[in-house]
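# Generate coordinates for the sequence data below:
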Amino acid sequence: MSTPSSAGFTTIELLISLFVAAAFVGTFYQLFAAADLSNTDTKFQAAASSVAYTNLRKYTTRPAGFVCDNNTNLVANSSAPGQVISSVTTNTNHPSGLPGPVVEIIRAYAPAGCSSGYSVLLQSIVRYGSQEREVVHGTYVN
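Next up, the predicted model:
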C-alpha cells in the first residue's frame, strides 16, 4: 500500500517560511530607515553649507568696523575668539529648510597679526538642529 503524497507545506514548514520572510522584511526595513536618515543628514549639511557660503560671499573686502586687537590677532593670541561681524538666529522655519534653531555667525580674525596691509580671515559658521550640527566656511579678504 502506498501512502498518499503530501501536496503542500506542513504547518511547521509554513511557520519557518513566514519567520524567514519576516526576518528579511525587518532587515530591509532597517536598511531603508538608515539610508533615509543618512540622506536627510546629507541634505541638511548641503543646505547649511550653501547658507554658510552665501553669507561669506557678502564680504569681498574687510568688514567695516573690524578691529585688530587681542581678540582677533591670532599671532598675539592663538586662541582668540575673533570679532563677531554678524549673528542671526532663526528658531523655526529657516528659508533653507534647516531644522531649528539655526544660528548663522560671521567671525573675523587677523591670522598674520596687525601689521600694515594685513589680511582678514572671515569664518561663516552655521549651526542647526537640536544636536547643534555645524558647518564652517572661511575666506581671506584685504
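
# Now do the contacts for residue 77.
Contact partners of residue 77, counting by C-beta atoms under 8 Å, 6 or more residues apart in numbering, are 70-71. (Glycine included, C-beta is placed from N, CA and C.)

# what do you get if the cut-off is 10 Å, keeping everything else the same?
Neighbour list for residue 77: 69-71 [criterion: C-beta atoms under 10 Å, 6 or more residues apart in numbering].

# can you tell me how far it sits from residue 12?
The spacing between residue 77 and residue 12, counted by C-beta to C-beta, to the nearest Å, is 75 Å.

# and what of residue 19?
Separation of residue 19 from residue 12 (C-beta to C-beta) stands at 11 Å.

# Give me the three-state assignment for the residue nearest the centre of the chain.
The structure's the chain has its C-alpha centroid closest to residue 45; by C-alpha atoms, centre = their mean the separation is 3.4 Å. Secondary structure state of residue 45, per DSSP: H, G, I helix; E, B strand; the rest coil, is helix.

# Tell me, how many residues neighbour the residue nearest to it when sequence neighbours are not counted?
Excluding its sequence neighbours, the residue lying closest to residue 45 (C-beta to C-beta, 6 or more residues apart in numbering) is residue 135, at 6.4 Å. By other C-beta atoms under 10 Å, 20 other residues sit near residue 135.

# Buried ones in the helix or strand harbouring residue 135, by neighbour count?
Taking DSSP states H and E as the criterion, residue 135 maps to strand 133-141. Within strand 133-141, the residues that count as buried by 16 or more other C-beta atoms under 10 Å are 135, 137.
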